[in-house]
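In: Got a predicted model here, sequence first, then my questions.
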Amino acid sequence: MLVLAIDDEPSMLEYYRATLSSPEVRVETTSEAARGARLVRELCPDIVLLDLWMPGLNGLEVLRHIRQQDMRVEVVMVTGEYSIETAVEAVRRGAADYLCKPVSAEKLRALVEKSKALASQRERAECLNKELLEVFSFEGIIGRTPRMLEVFDMIRRVAPHFRTALVLGETGTGKELVARALHRSSPRASQRFAVFNCAAVVESLAESQLFGHRKGSFTGASDDKLGLFEWANHGTVFLDEVGELSLPLQSKLLRVLENQEVQKLGLPQPQKVDVLVIAASSRDLHQEVRSGRFRADLWYRLNMIQIQLPPLRERREDVVLLSRHFIEQFNRAYGKSLRGLSRRAQDALLAYSFPGNVRELENLIGRACMLASGNFIDLNDLPEAQGRSVSAVAAPPTALDEAEKAVLLRVLAHAPNKAQAARLLGVSRATLYRMMARHKLNGAFAGGRLEG
């Protein structure tokens, strides 16, 4: 257990050391506010005992610096000049408690014991989070929502038997990951897995790349070329964005699926191939069939097994789990040791719609991991998304929020002081200050009436 005391009074620092030092508790002290802010980053203490009024930086400024570095450390503000306004402001900025000097030894020891219990809970929570990642990970796909668990179950059930499969979902939802999971779970897992992006190749070259050509079959064909289907023979071919193929190429693909043979350019004799085919599209292929841009017979052939991936906005419970997975991934890549998301960064991500889905979240976390200077990714580390800052996105108030605010207003309007208001609500004064700050009720009492 590490306690960091920041106070410009040497007698207070000596009191903290004498009261709290033990074989289980180490106490570090400093009388300089700026140095204290640096020590928080270097030492990662469990508790910070922070004096409110100090030369140079005051305690609230130090608290702001601490919160930018580590959202998990408990900061207890200590002052000899109590005021409601500074107490509310300290709690609003993230202080766990607000104490008046002199602080009893019993109170300090109780704070340490409470922090020990919280540290133990956090350690257990981190272990459980790692276990969650293992439990809710399938072949590199992360998800714990019912819809994702259904996807995992579908892959397990069809992988041993399928010949063709269709994976549908918006851009960035992980269609290629599903295709790879199908391949690795199939009897052909040891064979080749070939990827072809139908949207990334011009039509004049697509036929040659898919089916191959003989030397001299067209201008520029200086050598024989093996097509993708031949190269992946006995394995799996993944056709990403299959809806982008032209109608003539769709016809040739249908022949591969129906007869298991390819017609190489410049060669009259078709070649036999034995491949599994997984197609994917972010388009509504059924609508494409109706409009005549996609062959109905190819649609029916591909659609024998369909796996639909939900967008990230419909599986928000997975955002934190995915973020944790990506942070661990980028920690290894960048040689960092980030411990996770700050609470306000997590809230902002949960409120964001992620039009780019999981790919956008991965890129966002990767950038934040590169930029983060503290132990946690905070709001300042998050980039702008689609022209506006992720940090500006806030969740709309819920009915529960409105009900809490209404009760709080009623109690504050009739209680003679905040201590009585806290008793009526059945909460501590620190909790009352947090509630007031959350609902922007930082007014003062005047004859039982709330002002401001």
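Out: Cool, got the structure. Numbers count the residues shown, from 1 in each chain.
In: Point out where the stretch 201-350 of the chain drops to low pLDDT.
Out: Applying pLDDT under 70 to the predicted model, the residue ranges of the stretch 201-350 of the chain that meet it are 216-222, 266.
In: residue ranges for the helices of it, please.
Out: Using DSSP state H, counting those that start in this stretch, the helices assigned to the stretch 201-350 of the chain run over residues 203-211, 228-231, 247-259, 285-291, 296-302, 317-334, 343-351.
In: so of those helices, which one's packed in deepest?
Out: Most buried of the helices of the stretch 201-350 of the chain by mean neighbour count (mean count of other Cβ atoms under 10 Å) is helix 228-231; its value is a mean of 20. Any C-beta I mention is one placed from the backbone N, CA and C, and that applies to glycine too.
In: so which of the helices of the stretch 201-350 of the chain gets nearest Ile278?
Out: Among the helices of the stretch 201-350 of the chain, the nearest to Ile278 by Cβ to Cβ is helix 296-302 (9.1 Å).
In: what comes into contact with that closest one?
Out: Contacts of helix 296-302 from elsewhere in the structure, counted by Cβ atoms under 8 Å, 6 or more residues apart in numbering, are 164-166, 242, 250-251, 253-254, 257-258, 277, 279, 285-286, 288-289.
In: Return the member of these nearest to Ser115.
Out: Comparing every one of the contacts of helix 296-302 with Ser115 (Cβ to Cβ), the shortest separation belongs to Ala165, at 52.6 Å.
In: Which other helices and strands does the one helix or strand Glu150 maps to contact?
Out: Glu150 is part of helix 146-158 when elements are defined by DSSP states H and E. The elements that helix 146-158 packs onto, with contact taken as 3 or more Cβ pairs under 8 Å, 6 or more residues apart in numbering; DSSP states H and E, are strand 141-142, helix 175-184, strand 306-308.
In: What lies in contact with it?
Out: Outside of helix 146-158, the residues that reach it under the criterion Cβ under 8 Å, 6+ apart are 136, 138-139, 141, 143, 165, 178, 181-182, 185, 305, 307, 309-310, 314-315, 318.
In: Just the buried residues from those residues, in ChimeraX please.
Out: For anyone working in ChimeraX, the buried entries among the contacts of helix 146-158, judged by 16 or more other Cβ atoms under 10 Å, can be selected with:
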select :136,138,139,141,143,165,178,181,182,185,305,307,309,310,315,318
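In: Report the mean confidence score over the longest helix seen in the chain.
Out: The helix that spans the most residues within the chain, counting by DSSP state H, is helix 105-135. Regarding helix 105-135, the rounded mean pLDDT is 80.
In: List the pairing partners of the following helix or strand past that helix within its sheet, with orientation.
Out: Tracing the chain C-terminally past helix 105-135 and defining elements by DSSP H and E, one meets strand 137-138 next. Each strand paired with strand 137-138, and its direction, by DSSP bridges: strand 141-142 (antiparallel).
In: Distance from the partner strand to the middle of the chain?
Out: Mean-position distance between strand 141-142 and its chain equals 12 Å (Cα atoms, centre = their mean, to the nearest Å).
In: Not counting its own residues, what contacts it?
Out: For strand 141-142, the external contacting residues (Cβ under 8 Å, 6+ apart) are 133, 136, 148, 151-152, 174, 177-178, 181, 318, 321-322, 325.
In: about what we covered before: of all the helices and strands packed on helix 146-158, which one is nearest Leu364?
Out: Distance to Leu364, taken as Cβ to Cβ, is lowest for strand 141-142 among these, at 15.4 Å.
In: What about Ala437, how many residues nearby?
Out: The burial metric for Ala437, expressed as a neighbour count using other Cβ atoms under 10 Å, is 17.
In: ok, it - contacts?
Out: Ala437 sits in contact with Val88, Val91, Arg92, where contact means Cβ under 8 Å, 6+ apart.
In: Just the ones in helices from the residues you listed, please.
Out: Among the contacts of Ala437, the members falling in helices (DSSP H) are Val88, Val91, Arg92.
In: how far away is the last one from Ala351?
Out: Looking back up the chat, that one is Arg92. Between Arg92 and Ala351 the distance is 20 Å, computed by Cβ to Cβ, to the nearest Å.
In: Over to the first one?
Out: According to Cβ to Cβ, Val88 and Ala351 sit 25 Å apart.
In: Neighbours of the closest residue to Arg339 other than its chain neighbours, how many?
Out: With Cβ to Cβ, 6 or more residues apart in numbering as the measure, Asn375 is the residue that lies nearest to Arg339, at 5.1 Å, once sequence neighbours are left out. Counted with other Cβ under 10 Å, the neighbours of Asn375 add up to 20.
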